[in-house]
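# What shape does this take:
(chains A, B and C)
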Amino acid sequence: MSAYIKKCPECGGINLKVNEDVGEVICRDCGLVIEDKMIDFGQEWREFEDKANSRRRTGQALTYTKYDKGLGTSIGQSGDIYQLGTKERNKYFRLKKWQYRVSTAIERNLKLALAELKRVSSFLKLPKQVDEEAARIYHMAVQRGLVRGRSMESVVAGSLYAACRRNEVPRTLDELSEASGIEKKEVGRTYRFITRELGIRILPSDPVDYLPRFVSSLNLSADTQSKAVELLNKATKAELTSGRGPTGIAAAALYVAALLNNEKRTQREVADVAGVTEVTIRNRYKELLNVLKLKDKLKENKLEEE
DNA sequence: AAGACGAAAGTGGTTGA
DNA sequence: TCAACAACTTTCGTCTT
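Okay, here's the model as predicted:
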């Protein structure tokens, strides 16, 4: 499916990501949703027994980026209540008032938070699918009262960070921090807090996921990128990756790949876009050379130049 | 002069008692 | 709650191109 789309029509990027769950193809470079009318291969739920657990779908799809998920219920909207007795009517008024109080508190918060979320995510050019996920996470956090004692912005940032990782379009904590204006520490802390409290399982992010972005900000070739992927795979097999920061590994692999392809970038340049220091790149780089026995290859390259 | 390399000390976070 | 610990950063001096 969508095997025909190879390039992003917007930015020409080749880093497309297919998401079958929601029928989208997303450009990892610019976040453009290229195709959102793919066939839904998901199962069409039907009802065979147990009415209580009915999985019937009706109405518009829920969206978490609207503060009331596109639904919305209010008590006593229809005017029926005026046919009731005074006592009953008062009861409805009370209920209505309560509903108003409870829901406005949460909804007002959500409205603000979702506006903030939109702002941050468009700053980072995140695909809308990540928005949606982040909004969902935030929504759960509010309902569980996890925002109390924390700034709304930091929870938004944490939700977004989590959503990015879940969707394999990781951003670094630094980037989230810059976009949201929340301190890096704080983003990390709320991120850990809400994922723990909500029981969201997050896999350690794959260094490979960082490559596309680094490659495009360094203007490196696709060739170099696939070379870097290759190196990363080898590194993973050699168990060089566990426990290390994924950005550092990705940066080092990219640095080596660039050298091998005669597209040399300085350690400084690579370090900057990856958000790590040269020292870290050097350490990873050394390990790569040792374990993967690449020294000879680099020498060969030099000889060819002469 | 700029980049690469490495040593040493410092930082923030995790882990295990 | 505290100390040990690993990964990473900062800083700085030296070597290479």
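# burial count for the residue of the stretch 51-200 of chain A found nearest DNA strand B?
Per C-beta to the nearest atom of the strand, A:Lys185 is where the stretch 51-200 of chain A lies closest to DNA strand B, at 3.8 Å. In this view, the C-beta of every residue, glycine as well, is placed from N, C-alpha and C. When neighbours are defined as other C-beta atoms under 10 Å, A:Lys185 has 11 of them.
# List the contacts of it.
Not one residue lies near A:Lys185 by C-beta atoms under 8 Å, 6 or more residues apart in numbering.
# who in the stretch 151-300 of chain A is up against DNA strand B?
Of all the residues in the stretch 151-300 of chain A, those in contact range of DNA strand B (C-beta under 7 Å from any atom of the strand) are A:185, A:188-189, A:192, A:264, A:266-268, A:278-279, A:282, A:285-286.
# how about those residues in TSV, adding distance to DNA strand C, pLDDT and secondary structure?
As requested, those are exported to TSV (distance: C-beta to the nearest atom of the strand, whole Å; pLDDT from 0 to 100; DSSP: H, G, I helix; E, B strand; the rest coil):
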residue	distance to DNA strand C	pLDDT	secondary structure
A:Lys185	13	79	helix
A:Gly188	13	82	helix
A:Arg189	15	82	helix
A:Arg192	15	82	helix
A:Lys264	11	84	coil
A:Thr266	12	89	coil
A:Gln267	11	86	helix
A:Arg268	11	88	helix
A:Glu278	7	89	helix
A:Val279	4	89	helix
A:Arg282	9	88	helix
A:Tyr285	12	85	helix
A:Lys286	12	84	helix
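# Now for whatever residue of chain A ends up closest to DNA strand C: which residues touch it?
Residue of chain A nearest DNA strand C, by C-beta to the nearest atom of the strand: A:Gly245 (2.6 Å). By C-beta under 8 Å, 6+ apart, A:Gly245 lies in contact with A:Val276, A:Thr280.
# Same question for A:Leu232.
Counting by C-beta under 8 Å, 6+ apart, A:Leu232 touches A:Pro207, A:Val208, A:Leu211, A:Thr241, A:Ile249, A:Ala250, A:Ala253.
# now with 7 Å?
Residues near A:Leu232 by C-beta atoms under 7 Å, 6 or more residues apart in numbering: A:Pro207, A:Val208, A:Ile249, A:Ala250, A:Ala253.
# if I read this right, A:Phe123 contacts A:Glu178, doesn't it?
No - assessed by C-beta atoms under 7 Å, A:Phe123 is found out of contact with A:Glu178, at 8.4 Å.
# Which one's more surrounded, those two?
A:Glu178 (16 against 13).
# helices or strands up against the helix or strand hosting the more buried one?
Per DSSP states H and E, A:Glu178 falls inside helix A:173-180. Applying 3 or more C-beta pairs under 7 Å, 6 or more residues apart in numbering; DSSP states H and E, one finds that helix A:173-180 makes contact with helix A:86-123, helix A:152-166, helix A:184-198.
# would you turn the ones you listed into CSV with distance to A:Asp131?
Converted to CSV, these look like this (distance: least, C-beta to C-beta, whole Å):
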stretch, distance to A:Asp131
helix A:86-123, 5
helix A:152-166, 8
helix A:184-198, 17
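# Can you tell me which of the ones you listed is packed in deepest?
Stretch with highest mean neighbour count among these: helix A:152-166 (a mean of 25; mean count of other C-beta atoms under 10 Å).
# Give the rounded mean pLDDT of that helix.
In this model, helix A:152-166 carries a mean pLDDT of 87.
# Show me what it is in contact with.
By C-beta under 7 Å, 6+ apart, helix A:152-166 touches A:109, A:112-113, A:116-117, A:120-121, A:126, A:130, A:133-134, A:137-138, A:141, A:147, A:170-171, A:173, A:176, A:180-182, A:186-187, A:190-191, A:194-195, A:200, A:202, A:205.
# Give me the angle between that helix and helix A:173-180.
140 degrees (axes from the mean of the first three to the mean of the last three C-alpha atoms, to 10 degrees).
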